[in-house]
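1. need the 3D shape of this:
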Amino acid sequence: MKRACVIGAGFGGLALAMRLQAGGVQTTLVEARDKPGGRAYYWERDGFTFDAGPTVITDPACLRELWGISGHRMDDDVDLMPVSPFYRLNWPDGTNFDYSNDEAALRAEIKKISPRDVTGYDEFANYAAGVYEEGYVKLGSVPFLDFASMIKAAPALARYQAWRSVYSIVSKYMESEKLREAFSFHTLLVGGNPMTTSAIYALIHKLEKDHGVWWARGGTNALVAGMVRQFQRIGGEVRMGDPVVNIQSLGNRVTGVQTKSGWQENFDAVASNGDLMHTYRDLLGDNTHAQRQAKKLKAKRYSPSLFVVHFGVEGTWPGIPHHMILFGPRYKGLLDDIYKFGVLPQDFSIYLHHPTVTDASMAPEGMSTFYALVPVANMGKLPVDWDEVGPILEKRILDEVGRRLIPDIHSRIVTKFHYAPSDFATDLSSHLGSAFSLEPLLTQSAWFRAHNRDDAIPNFYLVGAGTHPGAGIPGVVGSAKATAGLMLEDLK
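-> Reported below is the predicted structural model:
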């Protein structure tokens, strides 16, 4: 059998390893941390389970396929639970908007805010369906290895005005500012600024509408654990807690990997689910081509980071849904501060995650698990001391959640901790502490993104958020499908 190594057990690395092993390639998965998951790591503290994220699971079919290719069922390993509403959006004036794929209920929510925009929503939904077909169904798992493939896709991109931003397209159809925010915020879930991210990403609306939003019982970590079980069930090998320190190469080919412990193995092919800059600059440090690639990658624009406050509280909160977006007083100005100016503003918008309303197992009886997440500029734009700033920002975020939802929050907290950009940089070797790798701009999409197979090292591959199609669970699982197709063909 041909042998392959996949570096990094994030969703992309796991999905790729599963596909390779099922395709007849003996695959070893090597993970630096003590647990698999990458950005989908988790912690257990004081009886509470805290998922690092991502926590929004869409398109379960792309996950089920990972089991189906070897004749197994995902349901034997993972229990997916539907989440409804998908999100409750809340503005400072007290307005709520429940976002779901119940068409009658969604239209009623739109009418409640702006009756004149119901017709505009229908037109936007048709637009989203079109870009979903072109951008996700047709191109979501197709590798863009040369510029000709980009030219081939250009007519469809032009037809849907891909040069426009998601916010711009939504604004074309809806007049209400609240609705413009409600139907454009999704790009933030994949690291994109709604004001600059290509309108193609409006496909997320159709993706959620058709496939729903789901939760894995026990946490996103339970989905990760199920993927590891399936990979091992079909013969895959997993090496945990031993970071790769060198991808060995000879001429224009990689030959194997070496880890911190001194373990070394030769492979016919190597794929990295690690951070792009870390992979090329550090792991391939002896390769001249890789160092040129690292210089090119350094010049690109990277997505923001995140500041996440995890907290467990006394009491249950049936009135707080699983996912909430607590919008701040500004939208465009706040996005400019994060993406353009690199300042830490006094105001913020919060994504509040409350899994215990769906799955009580995430906390001790009578208690609740939460996290409150705010996007912040990456460390290249905002070089602050997070050891100093972190506790201050943590308190401000908890104060805001208390002001809007849980008045006595501080007295109810049983346990809490925060995760800052510096943690992304340390734990995940993430360049600038970016939470989503390259920013999803049109000029950094498809062929302009890092290629699934390296241009000059024909047996070295990439998978994950930095490759096509991008971040988010469906995105990185799609990248795994694209990369696996190349690897299985090349390793015949």
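2. need the CA coordinates for stretch 153-160. PDB is fine.
-> What follows is stretch 153-160 as a C-alpha-only set of coordinates in PDB (Å, rounded to 0.1, in the frame of the first residue of the first chain):
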ATOM      1  CA  ALA A 153     -15.400  29.800 -13.500                       C
ATOM      2  CA  ALA A 154     -15.300  33.600 -14.400                       C
ATOM      3  CA  PRO A 155     -18.500  33.800 -16.400                       C
ATOM      4  CA  ALA A 156     -20.600  32.400 -13.400                       C
ATOM      5  CA  LEU A 157     -18.700  34.700 -11.000                       C
ATOM      6  CA  ALA A 158     -19.400  37.700 -13.300                       C
ATOM      7  CA  ARG A 159     -23.100  36.800 -13.700                       C
ATOM      8  CA  TYR A 160     -23.500  36.900  -9.900                       C
END
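3. pull out the buried positions in that stretch.
-> When neighbours are counted by 16 or more other CB atoms under 10 Å, the buried residues of stretch 153-160 are found to be Ala153, Ala156, Leu157, Tyr160. Heads up, the C-betas are built off the backbone N, CA and C, glycines and all.
4. next up, the contacts around Gly53.
-> Going by CB atoms under 8 Å, 6 or more residues apart in numbering, Gly53 touches Arg39, Ala40, Thr220, Leu306, Val308, His353, Tyr371, Leu373.
5. neighbours of the closest residue to Phe97 other than its chain neighbours, how many?
-> Using CB to CB, 6 or more residues apart in numbering and skipping residues adjacent in sequence, the residue nearest Phe97 is Leu89, 4.3 Å away. Residues near Leu89, counting by other CB atoms under 10 Å, number 24.
6. farthest pair within the contacts of Gly53?
-> Using CB to CB, the two most remote members of the contacts of Gly53 are Thr220 and Leu306, lying 15.1 Å apart.
7. one step back: please identify which helix or strand holds the residue nearest to Phe97.
-> For Leu89, the element it lies in under DSSP states H and E is strand 87-90.
8. buried residues in the helix or strand that that strand is followed by?
-> Tracing the chain C-terminally past strand 87-90 and defining elements by DSSP H and E, one meets strand 96-99 next. Neighbour counts over strand 96-99 (16+ other CB under 10 Å) mark Phe97, Asp98, Tyr99 as buried.
9. out of these, the closest to Ile234 would be?
-> Nearest to Ile234 among these, with distances taken as CB to CB, is Tyr99, at 37.9 Å.
10. surely that closest one meets Val83?
-> No. Judged on CB atoms under 8 Å, Tyr99 makes no contact with Val83 at a distance of 11.0 Å.
11. if we can go back for a sec, quick check, pLDDT for the residue nearest to Phe97.
-> Here the pLDDT value assigned to Leu89 is 98.
12. identify the residues contacting it.
-> Contacts of Leu89 by CB under 8 Å, 6+ apart are Asn96, Phe97, Asp98, Tyr99, Lys178, Glu181, Ala182, Phe185, Met324, Ile325, Phe327.
13. now these in a markdown table, with pLDDT and distance to Gln264?
-> Formatted as a markdown table, the contacts of Leu89 follow (pLDDT from 0 to 100; distance: CB to CB, whole Å):
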| residue | pLDDT | distance to Gln264 |
| --- | --- | --- |
| Asn96 | 98 | 57 |
| Phe97 | 98 | 55 |
| Asp98 | 98 | 54 |
| Tyr99 | 97 | 50 |
| Lys178 | 98 | 57 |
| Glu181 | 98 | 52 |
| Ala182 | 98 | 52 |
| Phe185 | 97 | 46 |
| Met324 | 98 | 48 |
| Ile325 | 98 | 47 |
| Phe327 | 98 | 51 |
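14. between the residues you listed, which is nearest Lys209?
-> Nearest to Lys209 among the contacts of Leu89, with distances taken as CB to CB, is Tyr99, at 10.2 Å.
15. nearest spatial neighbour of the closest one, skipping sequence neighbours?
-> Among residues not flanking Tyr99 along the chain, Tyr87 sits closest, at 4.6 Å (CB to CB, 6+ apart).
16. so who does the residue nearest to Leu326 when sequence neighbours are not counted touch?
-> What sits nearest to Leu326 in space, not counting adjacent residues and going by CB to CB, 6+ apart, is Ile350, at 4.2 Å. Applying CB under 8 Å, 6+ apart, we find Ile350 in contact with Met324, Ile325, Leu326, Gly328, Ala372, Leu373, Val374, Ile397, Glu400, Val401.
17. Phe48: which of these is nearest?
-> Taking CB to CB as the measure, Phe48 sits nearest to Ala372 out of the contacts of Ile350, at 14.5 Å.
18. ok, what's across the strand from the closest one?
-> Applying DSSP bridges to Ala372 gives these bridge partners: Val309, Leu352.
19. show me where the stretch 151-300 of the chain has helices.
-> All helices of the stretch 151-300 of the chain, identified by DSSP state H, counting those that start in this stretch, fall at 166-173, 177-182, 203-211, 220-233, 276-277, 288-298.
20. er, the stretch 301-450 of the chain actually
-> Assigned by DSSP H, counting those that start in this stretch, the helices in the stretch 301-450 of the chain fall at 332-336, 386-404, 409-412, 421-428.
21. want to throw these into JSON lines with mean neighbour count and distance to Val190?
-> Shown next, in JSON lines, are the helices of the stretch 301-450 of the chain (neighbours: other CB atoms under 10 Å; distance: least, CB to CB, whole Å):
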{"stretch": "helix 332-336", "mean neighbour count": "16", "distance to Val190": "14"}
{"stretch": "helix 386-404", "mean neighbour count": "16", "distance to Val190": "22"}
{"stretch": "helix 409-412", "mean neighbour count": "14", "distance to Val190": "29"}
{"stretch": "helix 421-428", "mean neighbour count": "20", "distance to Val190": "16"}
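22. a markdown table for the buried residues of stretch 153-160, including pLDDT and distance to Leu335?
-> A markdown table is the format used below for the buried residues of stretch 153-160 (pLDDT from 0 to 100; distance: CB to CB, whole Å):
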| residue | pLDDT | distance to Leu335 |
| --- | --- | --- |
| Ala153 | 86 | 27 |
| Ala156 | 85 | 27 |
| Leu157 | 82 | 23 |
| Tyr160 | 89 | 23 |
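23. what's the closest of those to Val131?
-> For those, the minimum distance to Val131 (CB to CB) is 5.0 Å, reached by Tyr160.
24. and the closest residue in space to that closest one that isn't next to it in sequence, backbone torsions?
-> The shortest distance from Tyr160 to any non-neighbouring residue, by CB to CB, 6+ apart, is to Val131 (5.0 Å). The phi and psi values for Val131, taken as degrees, to the nearest 10, are phi -70, psi -30.
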